[in-house]
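Novice: quick one: sequence and predicted model below, then my questions.
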Amino acid sequence: MRPLIPNGLSYCIVLLAMMPSWMQPVPLPVPMSLALGFVLPDLLLARS
């Protein structure tokens with residue numbers, strides 16, 4: 001099973017979700033829990 005999004009993009013989404021709003025270069029309109037819910041299955045099930 002192939003991941004839906006690349007690992008690099010997944011890590012960037014999680015990193016953006018963890019940043020405070022004043023520090024984000026691009027506003028991310030979703031909370032961290034929602035961002036993790038979208039990308040965590042891909043990160044956990046990805047093969048090296």
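Specialist: In hand now; what should we look at?
Novice: would you mark the buried spots in stretch 12-20?
Specialist: For stretch 12-20, burial by neighbour count (16 or more other C-beta atoms under 10 Å) applies to Ile13, Val14, Leu16, Ala17. Where you see a C-beta, it was placed from the backbone N, CA and C, and this is true even at glycine.
Novice: export those to TSV and tack on secondary structure and pLDDT?
Specialist: As requested, the buried residues of stretch 12-20 are exported to TSV (DSSP: H, G, I helix; E, B strand; the rest coil; pLDDT from 0 to 100):
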residue	secondary structure	pLDDT
Ile13	helix	83
Val14	helix	84
Leu16	helix	84
Ala17	helix	83
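Novice: which of the residues you listed sit farthest apart?
Specialist: Val14 and Leu16 (7.4 Å; C-beta to C-beta).
Novice: show the contacting residues for Ser33.
Specialist: With contact set as C-beta atoms under 8 Å, 6 or more residues apart in numbering, Ser33 has no partners.
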